[in-house]
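S.K.: model the following, please.
(2 chains)
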Amino acid sequence: MELSGSRILVECLKREGVRVLFGYPGGVNLPVFDALYDEKEIDVVLCRHEQGGIHMAEGYARATGQPGVALVTSGPGATNTVTGLTDAYMDSTPIVVITGQVPTHLLGNDAFQEADVVGITRPCTKYNVLVTKVGDLAQAVKEAFYIATSGRPGPVLIDLPKDVALAKTRFKYPEKVSLRSYAPALKGNKWQIKQAAEAILKARRPVIYAGGGVLASNAHTELCELAELTNIPLTLTVMGLGAFPGTHRLFLGMLGMHGTYCANMSIHHADLIIAIGARFDDRVTGRVADFSRAHIIHIDVDPTSIHKNIKADVPIVGDARLVLNDLIEILQAHGIEKMESHADWAAQIALWRAEHPLSYTQNDNEVIKPQYVIEKISEMAPKEAIITTDVGQHQMWAAQFYKFDCPRTFINSGGLGTMGYGLPAAIGAQKAYPNRRVICISGDGSIVMNIQEIATAVEQRLPVKVAIINNQYLGMVRQWQQLFYNKRYSSSYMGDAIDFVKLAEAFGAAGLRATKVVEVEPVLQKAMAIDGPVIIDFKVSPTENCYPMIPAGAAINEMVFADPETPASALAVENVDGVLTA
Amino acid sequence: MQHVISVLVENKSGVLSRVSGLFSGRGFNIDSLSVAPTLDPSASMMTIVTQGDDRIIEQITKQLNKLVDIIKVVDITENEYIEREMVLIKVSARQEERAEVFRIADIFRARILDSSSTSYTIEATGDAKKIGAIVDQLRPLGIKEFMRTGRIAIARKSESGEPAEKVKVPRPHRR
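M.R.: Sure thing, here's the model as predicted:
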């Protein structure tokens, strides 16, 4: 039987297991939306802006591990996806984006709503393809899902011209895909893994540094097993939070620019760093020249991540779960009992932990501290609750003060730092898990970047809770201006002009507000009891800064713990080595 | 140090752009680039001449390998290799200079492809050193136009891994 391109697309999506699709219709993708109209198996979520749609697909993918799918129209619809594609590329999030395109005979003619989408998105996708013949479509979709989800996951874009969506052909679903030019190595090299095991047995000051790759490969169980087997303390990147229980005795907290003192000191003084699914990002390493002198085992599925920023001594290219399984097996078979004792090291770490724990002060009669709100959310939310954030101070406080115990419960924009990510990502996650608690922790700056999506949450009856940490500033910008730009607060003040309660109500959601410390808990309880989307406006201290902090250009052991008394510019601005500006 | 990297790619639209975009996006340099289909028309071979320290070259080869449409990446300069480049040079040649151009062409085993009353067009093939030398010799006479293909290279060791034999470079026929 002959099917149209749009029907073929829908059939292929179904066979890939797609149950939810985030989309926005427009001129050239109408054939596809028409094909979706009577489709029972695919639930179409109408986003209010294509950027929101992409972030929803990302949130869905990060919460489930399954690829998120978005469908948008040509031209502006497609260009609106660029931020989300770049975000997914940086954070290795598997999404498949289908963009409508003008009919093939108009390609290159500056037609209405035409854009060279494949050209524009080439550097921000793992792969993209313009399908010019309906006979190629099924194969293209199959390949897109395979590429998006295998190896180091990432975004794949399919550009589908309108005439291809309308053209008919015999539909044959390609059962398998084989690409001579693409075969990610998943199984780690046995000899290298053996080298790693030997290094672990000999180490006196070892530390595990794990990132988002552990979550991507579902290796959280193996990670925990390795840490407990070897008794090696462990730190996580912002992308890795949730991959190891936040309440575990071996957990050091997050590392990096706003990481804990004990995590950063452990990395700095370690004699062995076991990096798993992490990429030595500049926010983690601080000044590269003064990064730890430790022996480094680096496990990553992406060969380009190895030796990119920091030279590894034992490079292992492979999937984290498979490599960890092999590593654990070798350790158990060969003398785990002969392992060096880490008693001194553990004692040293305990000292660091006690010396500068994460802290803030909150008196009942003063203004609400942002950290307090996050601690309260952490206390009240169930273990399997999913937290999304936007970008800025609130994101770092959430990473510091929320105790993530389950994998895939922290969804934030780590690599690209996309403000406006949190709310749509929460909608995507809630769509995947209607019965789990999903909370978006946001800021008064970030939330308005994709506030329109609250309409999506209302329409879809998704009980997403949005906690706005409202300090009237672009807080992280203000913090940098205070510390590094002589308190010249250029364009970082936003004020309190927006009434978020009324805004929520205007969208048909519930709006709540807390301005006093005593109100925080009751308001949170009230929000959780409401069966629908809620925006909570937490009026917090405008001047609270996020500490500890490694100033830009400083080394990982040069942390700052409080506002300096000396003029801010003394704080290493001159050291900024180009890479570390923000 | 200069490296010559052979990149076997799918012969489809957009691949060149992926490669050049990778170089520009990550701040790598391309000194020269040549592309043509292989014996298998579904694949093309790119020869990229680039430079950088070991870390950069490692990143270049790994990043190239990561691109989905790229089948194989070989840093030819890691082992023994042979490289060639062709240039077409239109050189000014009047009266007494004409003999001089002829003589230089002869020395470098270059061919004269075309002649007019005021110029000769010369084809020369060789490695970078030889091309440099002939250009140096011809420059004082006045080079009017200059076209070069960019380098291509081939490893001396065969693909099947046999050790490189002592290859006898055949001498050109002319004289």
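S.K.: pretty sure B:Gln63 sits against A:Pro303.
M.R.: No - counting by CB atoms under 8 Å, B:Gln63 does not reach A:Pro303; the two are 9.2 Å apart. To be clear about C-beta, it is placed using only N, CA and C from the backbone, and glycine gets the same treatment.
S.K.: close enough to count as contact, A:Gln139 and A:Tyr173?
M.R.: No - A:Gln139 sits out of contact with A:Tyr173 when judged by CB under 8 Å, with a separation of 9.7 Å.
S.K.: and the gap between the residue nearest the centre of chain B and chain A?
M.R.: Centroid-nearest residue in chain B, with CA atoms, centre = their mean: B:Arg151, separated by 1.0 Å. Counting by CB to the nearest CB, to the nearest Å, the gap from B:Arg151 to chain A is 24 Å.
S.K.: check what pLDDT that residue gets.
M.R.: For B:Arg151, the model assigns a pLDDT of 94.
S.K.: pretty sure it contacts B:Gln2?
M.R.: No - using CB under 8 Å, B:Arg151 is not in contact with B:Gln2; the gap is 9.3 Å.
S.K.: now the common contact residues for these two.
M.R.: B:Val49 (CB atoms under 8 Å, 6 or more residues apart in numbering or on different chains).
S.K.: can you pull out the low-pLDDT segments for chain B?
M.R.: B:158-175 (pLDDT under 70).
S.K.: and the top strand by length along it, what does it pack against?
M.R.: The residue-count maximum for a strand in chain B (DSSP state E) belongs to strand B:81-92. For strand B:81-92, the packing partners by 3 or more CB pairs under 8 Å, 6 or more residues apart in numbering or on different chains; DSSP states H and E come out as strand B:119-126, helix B:128-138, strand B:143-148, strand B:152-155.
S.K.: ok, which of the ones you listed comes nearest A:Leu85?
M.R.: Nearest to A:Leu85 among the helices and strands packed on strand B:81-92 is strand B:152-155; the distance by CB to CB comes to 35.5 Å.
S.K.: flag every buried residue along that closest one.
M.R.: By 16 or more other CB atoms under 10 Å in any protein chain shown, the buried positions in strand B:152-155 come out as B:Ile152, B:Ala153, B:Ala155.
S.K.: contacts made by it with the rest, please.
M.R.: Taking CB under 8 Å, 6+ apart as the rule, strand B:152-155 contacts B:4, B:6, B:34, B:47, B:74, B:76-77, B:79-85.
S.K.: next up, the contacts around the residue nearest to B:Ile89 when sequence neighbours are not counted.
M.R.: Leaving aside its chain neighbours, B:Ile89 sits nearest to B:Ile122 (4.8 Å; criterion: CB to CB, 6 or more residues apart in numbering or on different chains). Counting by CB under 8 Å, 6+ apart, B:Ile122 touches B:Leu88, B:Ile89, B:Lys90, B:Val91, B:Val101, B:Ala105, B:Ala110, B:Arg111, B:Ile112, B:Leu113, B:Ile134, B:Leu138.
S.K.: with A:Ala320 instead?
M.R.: A:Gly213, A:Val214, A:Ala216, A:Ser217, A:Ala219, A:Glu222, A:Leu223, A:Ile276, A:Gly277, A:Ile299, A:Asp300, A:Val301.
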